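> Here you go, sequence then predicted model.
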Amino acid sequence: MAFHGSFANRAKTTAKAYLVLLALAIGIGSQPATSQEEQPATPSVPAALVRVHLPLKGNADQALQATLLRTSDRLLAEVRANQDARRPLLVLHLDPPLGELDATEGSHFERALALANFLTSRQMNGVRTVAFLPKSVQGHGTLLALACEEIVMAPEALLGNAGIHEAANGTIRQSVIAAYREIAETRLTIPVALAVAMIDPAVEVLQVETEDGIQFVLRADFESFSQEHEIVDQKVLVPAGTMADFDGREGRQIGFVKYLASTLEGIAQAFDVPAQSLVEDNALAAHWKPVILDIQGEITPRLASQIETLLGRTVEQQNVNWIGLRIDSAGGDLEASLRIANAVVQIDPNSVRTVAYVPVEARGGAALVALACNQLVMHSTAKLNVGASAPPLQPADLEAARMSLRESLAPQTAHRWSLLAAMIDPSVELFEYRNKTTGEIRVMSVEEAEEAAEQPEAEAWQRGEKDQPLPFDGMRAQELGIAWKTVETFDELKQAYGLETDPPTVKPNWALELIEALASPGFSVLLLMVGLAGIYLELRAPGLGVGAFVGTLGLLLFFWSQYLNGTAGWLEIILFITGLAFILMEIFVVPGFGIFGLGGGALVIASVVLASLTFVRPHSEADMDALARSLSTVAIACVGFMTFVVATRRYLPQAPLFRRMILAPPAAEEIAVLDDREALANYSNLIGTCGVAATDLRPSGKAEIDHELIDVIAEGEPLDRGTPLVVVEAKANRVVVRATGPA
């Protein structure tokens, strides 16, 4: 009974407790809904993002320092205005190319160190710096992650292997290793031993368990470390002979990775900041000094040469840091489009921002140019789609173009290779894929998605519905992350970048127009005819120099225009000069043999043909067409030259100007008298007489013998002027001489 009573008392007590809790719950639930809304929510900490394009080269560190300082000042001003004591968040989006870099193309150590020192300086103490690595970062870009206070990585992204480019060029300098150690000791984002192991393959890192937890120690420091700590367990984490690198999961386990995230949305959730605050503010990125280049109509080799020249001149000679490509084109020659796209991606994105502006459409090769820019801005109804190439691509040419996009262009852009291939190949079907773990969205073909799934530790990509068939309009491109922004007017574009006035439009000047005109097929034929005609006139009337001057000028203009047009180089010039030298040698030195003349003529023709081509051997139908055009140019020039020769031989001697410049040939009676005199001439008495060559004997010339100037022929080798000689044979007026040696 006692037990039963006790149980009953406990039951009553429990029932009362439940009733009290129920009453409290009802009381709380009956509170007015406005009571919670009236409580002010804690505002999120101000945040901003700066994109760092790797590798760092040129003066990229200076441009990035200015951008970071402006962004930091804006964040601190916002904090002061809100009277918020928290430090604002500054995210550095480390953005390497999609493909692996060649060993010679990594970030320059000096540039990376300068930017790392700036990140750890007092100027940046007011903000909380976070390095975001959605993709693997190797080389000296690693130093930037070490210089930030926190690191966020994608699970499969790698960080480390910092000395890969130094090791490829020789041994790693101790000053470089010391810099990594100093940055790690200053910031303490990553254990110093691991930072050193990322740059120095000679060290070995031990993971040591002590009474205080897990620590990382260099093998060289382990003895002194063990004397101060009680060692529970140890193992080799980084063996000697390798450079350490860690993926995001390993970094998170070790402790130097704050969060795992593959997208900016993941960063925003991790730090509890609005996602829109982590969109790069282009109006703050720099004090823009903008220019505009127009790409309109069909893309041709001539237009490609213009754009390449204007881009190079703008970057090198003009102090600009924002280049807008206003594109309204249905495409055209694919090779020319690739030339423009490759010229765009070679511009350092940290120093110069390239922006493609598409108000109407960009098709085919024009779409490749747009996607090669750092950012793409489109009107909401503008089209980005497949365009027709001119001439239409053959299957072999299309496959070669796809390989070029995959191996060369795509790794240097922010887009997948299948997206670029879809711009020129309608057979490439694009799908929207979502990473089931990270939530990242990519637009890829089935082939590229299968390759992504086969990568080590890559999460499975889940395919959604088939992408809306090409073309992409501006809104769709922005939704998929292909376009950075959509606008309705050019003024909205200026507002997005903080441009106060219309950027000046860069156009070809008179010199570029002249070069293009001279390099055109019509002028090329004319210049070749002038060059050959000048050489012919000089050979017909030596000593005047007019023919030599005109011929040299024509040939110089031909090769100069082709060189600046991007089709001729030193090979063609050397071939032409060598061929011309062989022809002259055939005429004046070894007449009658033929090898030098034929070989020289072949070299001259080959040089002229190659001067109009960008290749040595044709590999496609387009190359064959270009070769045919070049051969036609040479053939027309040769026909014109032969016509000129026939005309000059027939009509030039009767021309008044020519008759005043050239002595008229003797009359028939005078020729008969001269022949009679030469027939009666007898120089047999000069045999054995010594003299001196008055001119070069090649092999004929004049010699002074017995105080008389006589036409002679050298026996054997040609003789130079002033050579002592002796007459060895004389028949009528034919005098043969031989060198006698020094007088």
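Yep, that arrived.

> Would you quantify the distance from Arg734 to Arg721?
Computed as Cβ to Cβ, to the nearest Å, the Arg734 to Arg721 distance reads 21 Å. All C-beta atoms are positioned from the backbone trio N, CA, C, and that covers glycine.

> ugh, wrong one, Tyr497
Taking Cβ to Cβ, one finds Tyr497 at 73 Å from Arg721.

> ok, now Arg313?
As judged by Cβ to Cβ, Arg313 and Arg721 stand 51 Å apart.

> Check Gly324 too.
In terms of Cβ to Cβ, Gly324 sits 66 Å off from Arg721.

> Comparing these two, which shows the higher neighbour count?
Using other Cβ atoms under 10 Å as the criterion, Gly324 and Arg721 rank with Gly324 on top: 26 against 13.

> ok, the residue nearest in space to the middle of the chain - contacts?
Residue closest to the average C-alpha location in the chain (Cα atoms, centre = their mean): Gln346, at 2.6 Å. By Cβ atoms under 8 Å, 6 or more residues apart in numbering, the contact list for Gln346 reads Gln412.

> Dihedrals phi and psi, Gln207?
Here is the backbone geometry of Gln207 (degrees, to the nearest 10): phi -100, psi 110.

> just to revisit the earlier point, any idea of the pLDDT on the residue nearest to the centre of the chain?
Gln346 is assigned 89 on the pLDDT scale.

> What of Leu657?
What the model reports for Leu657 is a pLDDT of 57.

> Give me the contacts around stretch 205-217.
Here stretch 205-217 makes contact (Cβ under 8 Å, 6+ apart) with 191, 193-194, 196-197, 218-219, 222, 225, 229-238, 244, 254.

> tell me the average confidence for that stretch?
Mean predicted confidence for stretch 205-217 is 92.

> What separation do you get for Phe559 and Asn435?
Per Cβ to Cβ, Phe559 is found 55 Å from Asn435.

> Same question for Leu68.
Plainly put, Leu68 is 30 Å away from Asn435 if you go by Cβ to Cβ.

> As a check, name the ranges of all helices in the stretch 451-600 of the chain.
Under the criterion DSSP state H, counting those that start in this stretch, helices of the stretch 451-600 of the chain are mapped to 474-479, 490-497, 510-519, 521-540, 546-564, 570-588, 595-610.

> Can I get these in a markdown table including mean neighbour count, mean pLDDT and distance to Leu409?
Formatted as a markdown table, those follow (neighbours: other Cβ atoms under 10 Å; pLDDT from 0 to 100; distance: least, Cβ to Cβ, whole Å):
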| stretch | mean neighbour count | mean pLDDT | distance to Leu409 |
| --- | --- | --- | --- |
| helix 474-479 | 19 | 89 | 18 |
| helix 490-497 | 17 | 91 | 25 |
| helix 510-519 | 16 | 67 | 26 |
| helix 521-540 | 19 | 80 | 30 |
| helix 546-564 | 18 | 80 | 25 |
| helix 570-588 | 17 | 82 | 26 |
| helix 595-610 | 18 | 83 | 26 |
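
> Which among the ones you listed is found nearest to Ala81?
Closest to Ala81 of the helices of the stretch 451-600 of the chain, according to Cβ to Cβ: helix 490-497, at 22.7 Å.

> what packs against that closest one?
Counting by 3 or more Cβ pairs under 8 Å, 6 or more residues apart in numbering; DSSP states H and E, the packing neighbours recorded for helix 490-497 are helix 282-285, strand 353-358, strand 485-487.

> at 7 Å instead, please
helix 282-285, strand 485-487 (3 or more Cβ pairs under 7 Å, 6 or more residues apart in numbering; DSSP states H and E).

> now that helix, how far from the chain's geometric center?
Centroid separation for helix 490-497 versus its chain: 27 Å, with Cα atoms, centre = their mean, to the nearest Å.

> angle of it against strand 353-358?
Going by axes from the mean of the first three to the mean of the last three Cα atoms, to 10 degrees, helix 490-497 is angled at 150 degrees with respect to strand 353-358.

> count of neighbours near the nearest residue to Thr263 once chain neighbours are set aside?
Leaving aside its chain neighbours, Thr263 sits nearest to Glu440 (5.2 Å; criterion: Cβ to Cβ, 6 or more residues apart in numbering). Neighbourhood size, Glu440 [other Cβ under 10 Å]: 19.

> mind giving me the domain split of this structure?
47-200+242-282, 204-239, 288-430+467-497, 520-658, 668-739 (automatic domain parsing).

> Can you flag the weakest of these by average pLDDT?
Note on those: lowest mean pLDDT is at domain 520-658, with a mean of 77.

> Quick one: list the elements packing against the lengthiest helix in the chain.
Secondary structure of the chain per DSSP state H: the longest helix is helix 621-651. Applying 3+ Cβ pairs under 7 Å, 6+ apart, one finds that helix 621-651 contacts helix 521-540, helix 595-610.

> Adding distance to Glu448, write those out as TSV.
Listed next are the helices and strands packed on helix 621-651 as TSV, based on distance: least, Cβ to Cβ, whole Å:
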stretch	distance to Glu448
helix 521-540	41
helix 595-610	38
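
> Minimum distance to Asn350: which of those helices has it?
Of all the helices and strands packed on helix 621-651, it is helix 595-610 that lies closest to Asn350, at 38.0 Å by Cβ to Cβ.

> Give me the residues contacting that closest one.
Contacts to helix 595-610, defined as Cβ atoms under 7 Å, 6 or more residues apart in numbering, come from residues 528, 572, 575-576, 578-580, 582-583, 585-586, 590, 616, 630-631, 634.

> what's the closest of those residues to Asp706?
Of all the contacts of helix 595-610, Asp706 sits closest to Val590, with 31.2 Å by Cβ to Cβ.

> what ranges do the strands span in the stretch 301-450 of the chain?
Using DSSP state E, counting those that start in this stretch, the strands of the stretch 301-450 of the chain run over residues 322-328, 353-358, 361-363, 375-379, 383-385, 431-435, 441-444.

> for those strands, which one sits closest to Ser107?
Across these, closest to Ser107 is strand 353-358 (Cβ to Cβ), at 18.8 Å.

> and the angle from that closest one to strand 322-328?
Using the same axes, to 10 degrees: strand 353-358 against strand 322-328 is 20 degrees.

> Strand 353-358 pairs with which strands?
Sheet pairing of strand 353-358 (DSSP bridges) gives strand 322-328 (parallel), strand 375-379 (parallel).

> okay, those strands, which one's buried deepest?
strand 375-379 (a mean of 25; mean count of other Cβ atoms under 10 Å).

> Let me see the contact set for the closest residue to Asn342 other than its chain neighbours.
Ranked by Cβ to Cβ, 6+ apart and with sequence neighbours excluded, the top spatial neighbour of Asn342 is Leu409, at 6.5 Å. Residues counted as contacts of Leu409 (Cβ under 7 Å, 6+ apart) are 341-342, 345, 372, 420.

> do Val634 as well
Neighbouring residues of Val634 by Cβ under 7 Å, 6+ apart: 605, 608-609.

> likewise Gly139?
For Gly139, the contact set (Cβ under 7 Å, 6+ apart) comprises 55, 106-107, 162, 164-165.

> Now do the residue nearest to Tyr433 when sequence neighbours are not counted against Gly701, distance only.
Computed as Cβ to Cβ, 6+ apart, the closest residue to Tyr433 that is not its neighbour in sequence is Trp461, at 4.2 Å. With distances taken as Cβ to Cβ, Trp461 is found 85 Å from Gly701.

> go on, Lys731?
Relative to Gly701, Lys731 is positioned 18 Å away (Cβ to Cβ).

> Write down the beta-bridge partners of the nearest residue to Gly297 once chain neighbours are set aside, one by one.
Closest residue to Gly297 apart from its sequence neighbours, by Cβ to Cβ, 6+ apart: Ser329 at 6.1 Å. Ser329 has these beta-bridge partners by DSSP bridges: Ala362.
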